[in-house]
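1. Below: sequence and its predicted model.
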2 protein chains.
Amino acid sequence: MSLEHALLGFLSYSPMTGYELKQHFDQSIYHFWNANLSQIYPALSRMKEEGLLTMEVEHQEDRPNRKVYTITDAGREALQRWLVTPLPPGQVREAWLIQIFFAHFQSNDEIVSLLEARMDAMRARLAVCRTEIQAAIDQNAAQSGVERASQLWQITLDYGIAHYETQLAWLEQTLARVRKLPPLTPPKP
Amino acid sequence: MSLEHALLGFLSYSPMTGYELKQHFDQSIYHFWNANLSQIYPALSRMKEEGLLTMEVEHQEDRPNRKVYTITDAGREALQRWLVTPLPPGQVREAWLIQIFFAHFQSNDEIVSLLEARMDAMRARLAVCRTEIQAAIDQNAAQSGVERASQLWQITLDYGIAHYETQLAWLEQTLARVRKLPPLTPPKP
DNA sequence: ATATAATATATCAAGACTTTTATAGATAAG
DNA sequence: CTTATCTATAAAAGTCTTGATATATTATAT
């Protein structure tokens, strides 16, 4: 469901190929969604069958042909309907917290290592938001007629930034806390 | 992978049935993981085949028989190994942010509605963390010999709480921001 | 200069993981 | 009288990830 509507969303800006859609995913919404080409291509076919899109082949000599998809009126309607449909909030799913939860037989240092690895990853993600994704949004915002849209793009990016900042703050605090735990005494069963 | 190791984790505390494991999932780690019975039961079978668990049937007259699973030495080893294996950080995946990202043709009020619905859901989740899950942790922490473990349980719960608080803070701020956007002028295509 | 990688574009198959739904049946609680 | 609890199984459908297959051009690295 979500993938299809994200595709419709980008195609409501302009017609594109699956390959180009993938690039938009990676450049603009990577902070809250992603998709593989192997998902995108069949999704586009399906949506064409459903009448949400039309497709035209652009022949190329040196490269594979481009299949350019265009959103139909039915597609726009489906998109607008979905956009105001409240979604059930998703489950939080953080596998690495399972590791923390059951880490009582790991030494403080081992736990600290896990947290530090996580912190490195979160710092990197935060940096991507602040530089690359911000740049992509700024660049698209420079077009005319996208004032309202670009406010919303920025709002989602600020979500991502706040998310990673929270992660880092929690990690800092947790590192201090774990370092102060009484050391693991005897047995590693 | 993660499901299996969460099961091993709980079974490292004591032998249990799948049904009981499901209850522990819901009571203790719901803030970062969940699983259905229809996932848990076949996972337990598989893990038994792999020698990570043993199983004994307790016959009951009035209820279905209980299949009590016990972790083996191999299971404990597999768990300890996994617990220190760094996991690749998962993708953020927030379908409702797709709705915000493409909401430029929705009115400010419609966007506000989406945000308010989300806020209600997040408030409810936060309350569950603060009351029910906190209570479950406190109760288990009252046993002897779990001092170290219960610190870690609390650390993961504090993650959940921080997460939902960030959501709510961002939602507050975003609500204000959206209310101040110039109203949507003409066309709802 | 030559080897390697990346870009541009699309398809397909396999498998991993999750959710949904149905089935079963007895007791206890509202 | 209806719903919830207790316990387990299984089929189906949905979603996502991984990896293989093709192929020409351009860029990077050694």
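-> Cool, the structure landed. This one's a predicted model, so the numbers in the text were calculated from it and none came from an experiment.

2. now A:Pro86: how far from B:Gln167?
-> Separation of A:Pro86 from B:Gln167 (C-beta to C-beta, to the nearest Å): 15 Å. Where you see a C-beta, it was placed from the backbone N, CA and C, and this is true even at glycine.

3. and those two? which has more neighbours close in?
-> The residue with more neighbours, out of A:Pro86 and B:Gln167, is B:Gln167; 23 against 14, by other C-beta atoms under 10 Å in any protein chain shown.

4. these two touch, right, that one and B:Ala121?
-> No. With contacts counted by C-beta atoms under 8 Å, B:Gln167 stays clear of B:Ala121, the gap being 9.1 Å.

5. Can you name the residues of chain A that neighbour DNA strand C?
-> Taking C-beta under 7 Å from any atom of the strand as the measure of proximity, chain A contacts DNA strand C at A:17-20, A:37-38, A:41-42, A:44-45, A:60, A:63-68, A:91, A:93.

6. Give me the subset of the residues you listed lying in helices.
-> A:Gly18, A:Tyr19, A:Glu20, A:Leu37, A:Ser38, A:Tyr41, A:Pro42, A:Leu44, A:Ser45 (DSSP state H).

7. Outline the domain layout of chain A.
-> By the record's domain assignment, chain A is partitioned as A:2-83, A:95-179 (automatic domain parsing).

8. Identify whichever of the ones you listed lies nearest to B:Asn140.
-> With C-beta to C-beta as the measure, domain A:95-179 is the member of the domains of chain A nearest B:Asn140 (11.6 Å).

9. circling back: is there a quick ChimeraX command that grabs whichever of the residues of chain A next to DNA strand C are buried?
-> ChimeraX command restricting the residues of chain A next to DNA strand C to the buried ones, with burial defined by 16 or more other C-beta atoms under 10 Å in any protein chain shown:
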select /A:17,18,20,41,44,67,68
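
10. Now find how far off-centre stretch A:73-87 is within its chain.
-> The gap between where stretch A:73-87 is centred and where its chain is centred comes out at 20 Å by C-alpha atoms, centre = their mean, to the nearest Å.

11. can you tell me if it touches chain B.
-> Yes. Stretch A:73-87 comes into contact with chain B (C-beta under 8 Å from any C-beta of the partner chain), by way of A:Arg76, A:Leu79, A:Gln80, A:Trp82, A:Leu83, A:Val84, A:Pro86, A:Leu87.

12. near DNA strand D, which residues of chain A show up?
-> Within chain A, the positions near DNA strand D by C-beta under 7 Å from any atom of the strand are A:Met1, A:Ser2, A:Leu3, A:Asn34, A:Ala35, A:Asn36, A:Leu37, A:Ser38, A:Gln39, A:Asp62, A:Arg63, A:Pro64.
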